[in-house]
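Novice: Give me coordinates for this.
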Amino acid sequence: MAKKLSELEPGDTVLRWLGGCSAPMPLVVKSITDYRIICAGGWEFDRVTGMEVDEKLGWGPAVSGSWIETQDEREAGFAE
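Specialist: Next up, the predicted model:
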């Protein structure tokens, strides 16, 4: 069974995709809140959509230029 965003735990590795880039950036999950996945380097992502949250850029759960998925999701060919 593929691990989904909702099943992540601190220490897991996720893949960060940036619009227009063909290779993901691996990030380590540092902590998880009810609404966010916080990764090493201060990156924050919505826990449901995986979209990067950055108030300075106006990015959030519905509109973002960056998102994460698990390695399992990538290999299975789906994202939450």
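Novice: Please report the distance of Ala62 from Val29.
Specialist: Distance of Ala62 to Val29, computed by C-beta to C-beta, to the nearest Å: 22 Å. For every residue, glycine as well, the C-beta is placed using N, CA and C.
Novice: Neighbour count for the two, which is higher?
Specialist: Val29 (21 against 8; other C-beta atoms under 10 Å).
Novice: confidence score at the residue nearest to the more buried one when sequence neighbours are not counted?
Specialist: Taking C-beta to C-beta, 6 or more residues apart in numbering, and ignoring the residues beside it in sequence, Val29 has Asp12 as its nearest neighbour in space, at 4.7 Å. In the prediction, the pLDDT value recorded for Asp12 is 94.
Novice: burial of Asp12, as a residue count?
Specialist: Neighbours of Asp12 (other C-beta under 10 Å): 18.
Novice: In contact with it, which residues?
Specialist: Contacts for Asp12 (C-beta atoms under 8 Å, 6 or more residues apart in numbering) come out as Lys3, Val28, Val29, Thr70.
Novice: Kind regards, and thank you for your time.
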